[in-house]
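Mind looking at a prediction? Sequence and model below.
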Amino acid sequence: MTRPDPRTQPREFLTHLYEAAVRRALPLHNTAAYLPPPPKGRTIVIGAGKAAGAMAQAVEALWPLDAPLSGVVVTRYHHTPQRPAGLPHRIEVLEASHPVPDAAGLAASQRILSLVQGLTPDDLVLCLISGGGSALLTLPAQGLTLEAKQGINKALLNSGANIGEMNCVRKHLSRIKGGRLAAACAPARVVTLTISDVPGDDPSVIASGPTVPDATTCADALAILKRYRIDVPSPVLDLLAQGALETPKPGDALFAGHAVHMIATPQQSLEAAAATARAAGLHAHILSDEMEGESREVGKVQAALARAVAQREQPFAKPCVILSGGETTVTVRPVPAGETRGRGGRAGEFCMGLAAALQGQAGVWALAADTDGIDGMEENAGAWVEPGTLARAQALGMKVDRYLDRNDAYGFFQPLGDLVVTGPTHTNVNDFRALLVL
């Protein structure tokens, strides 16, 4: 495939960088080096996340044909990749709802938990974990119904809480997350293969760490619920206050002999995109793979940086690409009177904040997209921004501030033809943002 010219095909070139980042994180490219040898006993594969289907296929392709292998993983609806011809079918892939859990996720979690009962020290459990697993692997704690868990999940998603805070609560309101799945696998050895979608690549945060120790506490979860004013049934609050929903901690003997391998990370994908940009003759700068904060505000800050480069070539020389990753947040605001609630996710909200602050700056193009191919709950991965974005919007009678007021990134970029639509990518290393300054 011919590489697009960034000077004449800026949109196509940014898409090329995004594809390089996604390709670096695909499970089949990253799994072989971390697979343990087959054990004396059985090998059971379990897992959850947006990449779980592709991770399962990678294991099936790489595992010796003469070694027993079976298992169950759960992924998001429509995120099961097409099965290559001739690939042995040894791991069942179930689908469930994300980001709000549903009955299918509950049933899948019960299947996974039952599958690891009665194992022996000679058995091996391969656990395949990727972002999205917190919602897909749902088994509410004592005294909590699925409906109540769904309500808490929705409130957390709209609150502006960061991923660490959300997953602290999720771990303590679950019978399977926060190391509890590892406890259920005992006395078998557990090897966890993880694709990171969180700032800092902490395996206890990715999918709420079902097979790793949890350093957070019931008191931490209770404080987060109070901070964001999340309603929780009183009996559950009492259990948290009593410490009755505590998770297995670092140093617990149940984790002895277990292993965790990070097979793909946001930083690796950003480095792949940077190398692709440099091959095209551009300077490439990675700001961070751990950016957090309100999406629109991060967009405004990066707009100020891009304007400085475009106008004064500070702090970077032109032409260049400015890359970043991480997991920003969107605080869903009350809908203004007479308005309908907007649609969109973190990447689109970033792009609205960026466009508003760029004010049509010449020479600056941008793409922001989620590497799983889904921005929030929509079918787009993200959006593009270019020097003419605001002018084209104004020609259609659209003011970006009005769309920001109701968190309606989809409604803003869709009429402009500026949505990035990729479909599920079968991996997930979180946000990808690229600014091209010529």
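Cool, got the structure.

Run through who's touching the top helix by length along the chain.
Taking DSSP state H as the criterion, the chain has its longest helix at helix 295-312. Outside helix 295-312, the residues that touch it by CB atoms under 8 Å, 6 or more residues apart in numbering are 287, 291, 314-318, 320, 322, 324, 328-330, 346-347, 349-358, 361-364, 366, 368, 404, 433, 435, 437. For the C-beta atoms, the positions are set from N, CA and C on the backbone; glycine is no exception.

partners of the next helix-or-strand element following it, with directions?
As assigned by DSSP states H and E, the chain's next helix or strand after helix 295-312 is strand 320-326. Strand 320-326 has its sheet partners listed here by DSSP bridges as strand 283-291 (parallel), strand 431-437 (antiparallel).

Next, the angle from the longest helix of the chain to strand 320-326.
Counting by axes from the mean of the first three to the mean of the last three CA atoms, to 10 degrees, helix 295-312 lies at 160 degrees to strand 320-326.

Check the strands paired with strand 320-326 for me and report the most buried one.
When you average the neighbours per residue for each of the strands paired with strand 320-326 (mean count of other CB atoms under 10 Å), strand 431-437 leads with a mean of 26.

Can I get that strand in CSV? Just the C-alpha atoms.
Output in CSV follows, covering the C-alpha atoms of strand 431-437 (Å, rounded to 0.1, in the frame of the first residue of the first chain):
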residue,chain,number,x,y,z
ASP,A,431,-7.2,6.8,23.1
PHE,A,432,-5.1,7.8,20.1
ARG,A,433,-4.6,11.4,19.2
ALA,A,434,-2.5,12.8,16.3
LEU,A,435,-2.0,16.4,15.4
LEU,A,436,-0.3,17.2,12.1
VAL,A,437,1.3,20.6,11.8
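
Skipping its backbone neighbours, what lies nearest residue 213 in space?
Sequence neighbours aside, residue 250 is the residue nearest to residue 213 in space, at 4.2 Å (criterion: CB to CB, 6 or more residues apart in numbering).

Next, count neighbours for that neighbour.
By other CB atoms under 10 Å, the residues close to residue 250 number 11.

Relative to residue 77, which of the strands paired with strand 320-326 is closest?
Closest to residue 77 of the strands paired with strand 320-326 is strand 431-437 (CB to CB; 21.7 Å).

related to what we said a few turns ago, mean confidence for the longest helix of the chain?
For helix 295-312, mean pLDDT is 98.

any weak-confidence spans in the stretch 1-150 of the chain?
By pLDDT under 70, the weakly predicted segments of the stretch 1-150 of the chain are 1.

can you rerun that using 90?
Residue ranges of the stretch 1-150 of the chain with pLDDT under 90: 1-3, 88, 142-143.

which residues in it form helices?
Listed in chain order, the helices of the stretch 1-150 of the chain (DSSP state H, counting those that start in this stretch) span 10-24, 52-62, 103-115, 133-136, 146-159.

For this protein, which segments are assigned as strands?
43-48, 70-76, 91-96, 124-129, 189-195, 259-264, 283-291, 320-326, 364-370, 382-385, 419-420, 431-437 (DSSP state E).

shouldn't residue 329 be in contact with residue 166?
No - Residue 329 is not in contact with residue 166 according to CB atoms under 8 Å; the separation is 9.3 Å.

higher neighbour count, these two?
More crowded of residue 329 and residue 166, by other CB under 10 Å: residue 166, with 23 against 20.

can you count the residues close to the nearest residue to that one once chain neighbours are set aside?
Leaving aside its chain neighbours, residue 166 sits nearest to residue 156 (4.7 Å; criterion: CB to CB, 6+ apart). Other residues within reach of residue 156, judged by other CB under 10 Å, total 22.

Residue 156 and residue 208, how far apart?
Using CB to CB, to the nearest Å, we find residue 156 at a distance of 12 Å from residue 208.

try residue 271
For residue 271 relative to residue 208 (CB to CB), the value is 27 Å.

what does residue 325 give?
Relative to residue 208, and taking CB to CB, residue 325 is found at 20 Å.

So those two - more neighbours on which side?
residue 208 (32 against 26).

Tell me if I'm right that that one and residue 134 touch.
Yes - under the criterion of CB under 8 Å, residue 208 is in contact with residue 134, at a separation of 4.4 Å.

Kind regards, and thank you for your time.
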